[in-house]
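Chemist: can you look at this prediction? I've put the sequence above it.
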Amino acid sequence: MILTVTPNPSLDRTYEVPSLGRGEVIRATGERMDPGGKGVNVSRAVAAAGRRTVAVLPLGGAPGALVADLLYAQGIEVAPVPIAGATRSNISVAEPDGTLTKINAPGPELSAAEAELLLETVREQYHAAETGWVTCCGSLPRGLAPSWYADLVARAHAAGARIALDTSGPALREALRERPDVVKPNAEELAETVGRPLATVGDAVKAAEELRELGAGAVLASLGADGQLLVSADGVWFGSARVDVVRSNVGAGDASLAGFLIAGGSGPKALASAVAHGAAAVQLPGSVMPTPADLDPSAVTVTSEVPVDRVLTEPAS
């Protein structure tokens, strides 16, 4: 069972439009409404694969109630933490060429009591179930200190759980001291953490190795269209996949993390699963998570011969 923790969830609305013009009236050609937040997306991808998952998240107001209803409808167990503020609502606008414009609300401010209740709910859930992984994902809402994830990692480790962490900035740097088992940055987050730009795959490998020196057990790094890296004590692997049409990259990294954990959370087979899930996700509308029928393992390549000299399609500044 995979337990996910999303401190700042959202209600996500995605509109598909012919083109996006500032100041114009635009008629959408399609629309979706999904429960959002990185950990929520991981739970959705795990559930789509037919595996059990429990989503722990603070929920408030009408948007929060709708997020819970949408998750229940997808077969996801929800452990809600009631809060006084309303859950945020985000908007994404997707164009036919794959360009995505996002408007993310800041979200509610959690009180000290709500922050502690969130930690306690996580503890209760991983004691109540046979939890293999606790997956902590996304930005921290107002009211939670940068050390909040570090506290969660320490408590979960003390209970014997393995930790996958997907966050950035001070929250990532604080949590690294507690040695999470896997961290999942993208190229920009890697560059931010090591304090320098990344121009090649080799640059990303070196940055991932530095994250391991800071405390990460393994680093699963998304490099956008160029593929993914896995850097661990057992070796370094590079994975990529053929993608025919990109419809939306919302939640693709979260689908990748889910695929990695579903496949055991270590080694090249788990990386291949991560790449397959990410490639399938970008070919689906909005933040739809892939099912096993959407995956194409034959399109995935994983190798220990990492192309260190390859220039990144989107260098990370």
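Modeler: That came through fine.
Chemist: you'd agree residue 14 is in a helix?
Modeler: No: judged by DSSP: H, G, I helix; E, B strand; the rest coil, residue 14 forms no part of a helix; its state is strand.
Chemist: quick one: residues contacting it.
Modeler: When contacts are counted by CB atoms under 8 Å, 6 or more residues apart in numbering, residue 14 is found next to 31-34, 91-94, 248, 250, 285-287. All C-beta atoms are positioned from the backbone trio N, CA, C, and that covers glycine.
Chemist: per-residue confidence at it?
Modeler: Per-residue pLDDT puts residue 14 at 88.
Chemist: just the terminal-to-terminal distance for stretch 286-295.
Modeler: Stretch 286-295 has its terminal residues 17 Å apart, counting by CA to CA, to the nearest Å.
Chemist: what does it contact?
Modeler: Contacts to stretch 286-295, defined as CB under 8 Å, 6+ apart, come from residues 12, 14, 16, 32, 34, 36, 41, 44-45, 47-50, 92, 94, 248, 250-251, 254-255, 258, 276-277, 280-281, 283-284.
Chemist: before we move on, what about stretch 212-223?
Modeler: 173, 176-187, 190, 193, 201, 204, 207-209, 211, 228-233, 252-253, 256-257, 260, 266, 271, 274, 278, 312.
Chemist: one step back: from the contacts of residue 14, list just the buried residues.
Modeler: Restricting the contacts of residue 14 to buried positions leaves 32, 34, 92, 93, 94, 248, 250, 286, 287, with burial counted as 16 or more other CB atoms under 10 Å.
Chemist: what is the first one paired to in the beta sheet?
Modeler: Which is residue 32. Beta-bridge partners for residue 32, by DSSP bridges, are residue 14.
Chemist: residue 41: neighbouring residues, count only.
Modeler: Using other CB atoms under 10 Å, residue 41 has 31 neighbouring residues.
Chemist: now it. Nearest residue, chain neighbours left out?
Modeler: residue 254 (3.5 Å; CB to CB, 6 or more residues apart in numbering).
Chemist: list the contacts for the one you found?
Modeler: Per CB under 8 Å, 6+ apart, neighbours of residue 254: 38, 39, 41, 42, 45, 137, 166, 281, 289.
Chemist: show the pLDDT at it.
Modeler: Predicted confidence (pLDDT) for residue 254: 95.
Chemist: same question, residue 126
Modeler: 83.
Chemist: got the buried residues for stretch 17-27?
Modeler: So, applying 16+ other CB under 10 Å, buried residues of stretch 17-27: residue 17.
Chemist: hmm, who's touching it?
Modeler: For stretch 17-27, contacts defined as CB under 8 Å, 6+ apart pick out 28, 29, 93, 94, 95, 96, 99, 101.
Chemist: any idea how far the fifth one lies from residue 254?
Modeler: The reference is to residue 95. 21 Å (CB to CB, to the nearest Å).
Chemist: now swap in the third one and tell me
Modeler: Shown here: residue 93 relative to residue 254, a distance of 20 Å by CB to CB.
Chemist: got it, and the first one?
Modeler: When CB to CB is applied, the distance between residue 28 and residue 254 equals 24 Å.
Chemist: next: the second one.
Modeler: Residue 29 is 25 Å from residue 254, where distance means CB to CB.
Chemist: so residue 230 sits in a helix?
Modeler: No: under three-state DSSP, residue 230 sits outside any helix and is assigned strand.
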